[in-house]
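*Asks:* Structure of the sequence below:
(2 chains)
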There are 2 protein chains.
Amino acid sequence: MDRRDFNHRMAAALASALAAGQLAAQTQPSGGPPASADKPAANPDHDMSKFPASWTGKEQIAMLVYPGFTALDLAGPQYMFGSLMGATVHIVAKTLEPVKSDTGLVVMPSITFDECPKELDFIFAPGGTQGTLDAIKDDATMAFMADRGSRAKYVTSVCTGSLLIGAAGLLKGYRATSHWATHDLLPQVGAIPVKARVVRDRNRITGAGVTAGIDFGLQILEMQRDREYAQSIQLIAEYAPAPHLNAGTTRTAPRKVTSMMREMFSGFTRTASRTLKDAMSRPPPRT
Amino acid sequence: MDRRDFNHRMAAALASALAAGQLAAQTQPSGGPPASADKPAANPDHDMSKFPASWTGKEQIAMLVYPGFTALDLAGPQYMFGSLMGATVHIVAKTLEPVKSDTGLVVMPSITFDECPKELDFIFAPGGTQGTLDAIKDDATMAFMADRGSRAKYVTSVCTGSLLIGAAGLLKGYRATSHWATHDLLPQVGAIPVKARVVRDRNRITGAGVTAGIDFGLQILEMQRDREYAQSIQLIAEYAPAPHLNAGTTRTAPRKVTSMMREMFSGFTRTASRTLKDAMSRPPPRT
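*Replies:* Okay, here's the model as predicted:
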């Protein structure tokens, strides 16, 4: 079998597995919710043992959820992390109770802080508005993030999640990004603000607001596997975005929209600033 | 107060409400899950009663979930529907048990088929792979979709969700789109396939694969409110996508990736075709 055949077979097996839903992120059997879905039946046309070692990983990934998190901040990266063949993706929260997002979508954690593996490849925090500030004020959440973040291979966030990991002491001296409304607050947690959709500095990877999580996840796919793997998942996700409006940044939105939104987020931004000031003046949280 | 002041105040109130999480989609109190999140406290700086009537709706929106649905197909549109001030967004399933998506994320339905309002403004179906075909084979799901779809103001889907609404008899004679791997199957449900990211034909609105749901949702925001409203939400979602790869369509992906993915989805596509053939030859489902 030459290299071309080899690649071809790899991709074939990958695509079949994706089509059959077999690359679904695994959740810990213990502590997991009673999912009503059975795993789709294995596709008899292919054999998982044919996967080359380099396309299968064994990442342990923990994605934090807390009341008021933004569901889309989570779902974009979760799609990408969940497409990492062999990885285990944990949805981690303080308890196993359902967690309501800021748009009302309710998700089930798969494990609690206590049950979460100590050594993670990725720890991830989604953003939100008031819910994120409440999470920053919560000692158990901060202690968990500080502990796992101090040992994780990569510490990551999307949107205002960077304030959360920053408040846990994980962005000191690192370049990072955040939602535009809170970008200027990054120095309060010791981070160096960079205006970009995805910022990687050593083992810190932060995404900008909400939908930046998809770009963030796609970059991680290439980083953890290879370019063709990432391209394959991009094609499966049909990620060729085409918004009919061009108001996604403070620069491209009509000046009126930008100035109104800036002005009106100012209350939240002020509250966030106070919350960060308080958080950074407290002794570091401990588990 | 002149028009400019009026618009300004509107947007101010909107943005404050968004920042405070007050535009979160409402779920029915009865039948809803025990969410661990309390609603964020109201922002005392503004008064909801200041919203102009035209920016507040009262849409009843039902988003279907079923085992093996794609979470990102749901989360993109749910972000947008959930930003429609005044709307009620139901996450509807056969039972109130947690529903596991194809990437392992578990969501909680807010109501069952029986509890779902009869008259809806929007009925929405996300896609998936084998899970979607299983849903098409499920009489209760098809009867529910056929019933609500026959009376809803808009019948909508993202990704392979168009096969599902099509199998429920809701796309006959309508132009529609789907995930690229199943696009050619649309005529099997009587639809007229159109290669586009979002297709609207009268009161049917369908999106292409997975991430097209965000473009789909943004268009609906403008349709249901106005352009400035949609631009404001686009800015809040920081939806200025910038994938670092360009493999999101079968045309732009490297030829090798496209042909491998096409070939390898062919098994799923064949199974989907058989499932649709069976579904269309059965008598129409009834509630």
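*Asks:* Local confidence estimate at the residue nearest to A:Ala242 when sequence neighbours are not counted?
*Replies:* Leaving aside its sequence neighbours, A:Ala242 sits nearest to B:Arg197 (C-beta to C-beta, 6 or more residues apart in numbering or on different chains; 4.9 Å). For the C-beta atoms, the positions are set from N, CA and C on the backbone; glycine is no exception. As predicted, B:Arg197 sits at a pLDDT of 98.
*Asks:* so who does B:Arg197 touch?
*Replies:* A:Ala240, A:Ala242, B:Thr177, B:Gly207, B:Ala208, B:Ala212, B:Asp215, B:Phe216 (C-beta atoms under 8 Å, 6 or more residues apart in numbering or on different chains).
*Asks:* could you redo the last one with a cut-off of 6 Å?
*Replies:* For B:Arg197, the contact set (C-beta atoms under 6 Å, 6 or more residues apart in numbering or on different chains) comprises A:Ala242, B:Ala208, B:Ala212, B:Asp215.
*Asks:* Just the buried residues of those residues.
*Replies:* Burial of the contacts of B:Arg197 was assessed by neighbour count (16 or more other C-beta atoms under 10 Å in any protein chain shown); the buried members are B:Ala208, B:Ala212, B:Asp215.
*Asks:* ok, which of those residues also contact chain A?
*Replies:* Restricting the buried ones among the contacts of B:Arg197 to those near chain A by C-beta under 6 Å from any C-beta of the partner chain leaves B:Ala208, B:Ala212, B:Asp215.
*Asks:* pretty sure the first one contacts B:Ala176?
*Replies:* No: between B:Ala208 and B:Ala176 there is no contact under C-beta atoms under 6 Å: 10.1 Å.
*Asks:* residues contacting the closest residue to A:Lys153 other than its chain neighbours?
*Replies:* Excluding the flanking residues, the one nearest A:Lys153 by C-beta to C-beta, 6+ apart is A:Asp121, at 4.6 Å. Counting by C-beta under 6 Å, 6+ apart, A:Asp121 makes contact with A:Glu59, A:Gln60, A:Lys153.
*Asks:* what's the span of stretch A:158-169, first residue to last?
*Replies:* Start-to-end span of stretch A:158-169 (C-alpha to C-alpha, to the nearest Å) is 16 Å.
*Asks:* Just the residues contacting that stretch, thanks.
*Replies:* Counting by C-beta under 6 Å, 6+ apart, A:73, A:125-127, A:132, A:135-136, A:142, A:145-146, A:149, A:155, A:157, A:176, A:178-179, A:182, A:189, A:191, A:206-207, A:209-210, A:213, A:216, A:276, A:279, A:284 sit against stretch A:158-169.
*Asks:* go with 7 Å
*Replies:* Residues from elsewhere that reach stretch A:158-169, judged by C-beta atoms under 7 Å, 6 or more residues apart in numbering or on different chains: A:70, A:73, A:77, A:125-128, A:132, A:135-136, A:142, A:145-146, A:149, A:155, A:157, A:171, A:176-179, A:182, A:185-186, A:189, A:191, A:206-207, A:209-210, A:212-213, A:216, A:272, A:276, A:279-280, A:284-285.
*Asks:* Please apply the same query to stretch A:144-156.
*Replies:* In contact with stretch A:144-156 (C-beta under 7 Å, 6+ apart) are residues A:62, A:64, A:113, A:116, A:118-125, A:164-165, A:168-170, A:203-206, A:284-285, A:287.
*Asks:* In strands only, show me the residues you listed.
*Replies:* A:Ala62, A:Leu64, A:Phe122, A:Ile123, A:Phe124, A:Ala125, A:Arg204, A:Ile205, A:Thr206 (DSSP state E).
*Asks:* could I get those residues as JSON lines with pLDDT?
*Replies:* Conversion of the ones in strands among the contacts of stretch A:144-156 to JSON lines gives the following (pLDDT from 0 to 100):
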{"residue": "A:Ala62", "pLDDT": "98"}
{"residue": "A:Leu64", "pLDDT": "98"}
{"residue": "A:Phe122", "pLDDT": "98"}
{"residue": "A:Ile123", "pLDDT": "98"}
{"residue": "A:Phe124", "pLDDT": "98"}
{"residue": "A:Ala125", "pLDDT": "98"}
{"residue": "A:Arg204", "pLDDT": "98"}
{"residue": "A:Ile205", "pLDDT": "98"}
{"residue": "A:Thr206", "pLDDT": "98"}
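*Asks:* Format those residues as a markdown table; extra columns: neighbour count.
*Replies:* Shown next, in a markdown table, are these (neighbours: other C-beta atoms under 10 Å in any protein chain shown):
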| residue | neighbour count |
| --- | --- |
| A:Ala62 | 26 |
| A:Leu64 | 28 |
| A:Phe122 | 25 |
| A:Ile123 | 29 |
| A:Phe124 | 33 |
| A:Ala125 | 34 |
| A:Arg204 | 22 |
| A:Ile205 | 23 |
| A:Thr206 | 31 |
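*Asks:* from these, which single one is nearest A:Ser259?
*Replies:* Nearest to A:Ser259 out of the ones in strands among the contacts of stretch A:144-156 is A:Thr206 (C-beta to C-beta; 25.9 Å).
*Asks:* what's the helix or strand for A:Ala140?
*Replies:* helix A:139-151 (DSSP states H and E).
*Asks:* what lines up beside the helix or strand just after that helix in the sheet?
*Replies:* Following helix A:139-151 in sequence order, the next helix or strand is strand A:154-158 (DSSP H and E). In the sheet, strand A:154-158 lines up against strand A:122-125 (parallel), strand A:204-207 (parallel) (DSSP bridges).
*Asks:* Run through the helices of the stretch 151-287 of chain A in chain order.
*Replies:* A:161-167, A:212-224, A:227-236, A:255-281 (DSSP state H, counting those that start in this stretch).
*Asks:* now the second one against strand A:154-158, angle please.
*Replies:* Following axes from the mean of the first three to the mean of the last three C-alpha atoms, to 10 degrees, one obtains 160 degrees for the angle between helix A:212-224 and strand A:154-158.
*Asks:* touching chain B at all, helix A:212-224?
*Replies:* Yes: using C-beta under 7 Å from any C-beta of the partner chain, helix A:212-224 reaches chain B at A:Ala212, A:Ile214, A:Asp215, A:Leu218, A:Gln219.
*Asks:* Many thanks, I have nothing further to ask.
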